[in-house]
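[1] Predicted model, plus sequence, below.
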Amino acid sequence: MVTTTDPLTTEKKLTVAEFLALPEGDITYELVDGKAVPKDKPMSPQRFHASLQKRLLMIIDAWCQGKGDVYTELAIRLHHQQQDWFPVPDLTYISFERWPEQLTTDGLCPVPPELVVEIISPSQSFGSMSQKATDYLDAGIPRVWIVDAAAKSITVYYPDAPPRTFMGSQVLEDDLLPGLAIIPQDVFAQARIP
């Protein structure tokens, strides 16, 4: 009798090759400390999250023409605490300067992008997402946005300064992303967040 073990439920740590060979399905997994961890447990896509992701994708995509690309749910190969880490942010912006091969190759992002955006889901807390933002910074990503539909805020994390929260009519601008201006109240209104 042949038995097989499910790599998602085993206690054995997955290698990078084993993680990358996992079959695709309805649930997105991230590699964290050698374990395949569901990105959002339980996976419960909801309108506010999807609408904010779409709106921010459109804004960043319009801004980055000729500079780079913005992706939804693109896995990134990072190193955190001396381990491989494969997070899957809601949005990722990476310039052609950092990843010129992106126009001709398929696969995950092999280098830290300039920006990742995480939108808090109902099953996530601001505290857990804040820790994840710190992990992104430690792994070499220079900007992280945490978007909170309940608070109608965008908190920006920097490697060399405290986080800053933007709300209402405050304009989110950043020297790292020249020419991009985000007004939170407009984003939430366009996403039809009450």
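    Yep, that arrived. What you see is a predicted model; the values in this text were computed from it and never measured.

[2] how close does the residue most central in space within the chain sit to Gly107?
    Centrality entry for the chain: nearest residue to the mean C-alpha point is Pro89, 1.7 Å, by Cα atoms, centre = their mean. Note on Pro89: its distance to Gly107, by Cβ to Cβ, to the nearest Å, is 16 Å. Using the backbone N, CA and C atoms, a C-beta is placed for each residue, glycine as well.

[3] Next, give phi and psi for the closest residue to Phe166 other than its chain neighbours.
    Once its chain neighbours are removed from consideration, Phe166 has its nearest residue in Leu172; the separation is 4.4 Å (Cβ to Cβ, 6 or more residues apart in numbering). In this entry, Leu172 is assigned phi and psi values of phi -90, psi 110 (degrees, to the nearest 10).

[4] So in terms of bridging, what pairs with Leu172?
    Beta-bridge pairing for Leu172 (DSSP bridges): Ile182.

[5] residues in contact with it?
    Each residue near Leu172 by Cβ atoms under 8 Å, 6 or more residues apart in numbering is listed here: Ile154, Val156, Phe166, Ala181, Ile182, Ile183, Pro184.

[6] what sits up against the helix or strand encompassing Lys132?
    Using DSSP states H and E, the element containing Lys132 is helix 126-138. Contact partners of helix 126-138, identified using Cβ under 8 Å, 6+ apart, comprise 78, 80-81, 85, 87, 89, 116, 118, 120, 144, 146, 148, 151, 155, 157-159, 163.

[7] Mind checking which of these are in strands?
    Where the contacts of helix 126-138 overlap with strands, as defined by DSSP state E, the overlap consists of Leu78, His80, Trp85, Val116, Glu118, Val144, Ile146, Asp148, Thr155, Tyr157.
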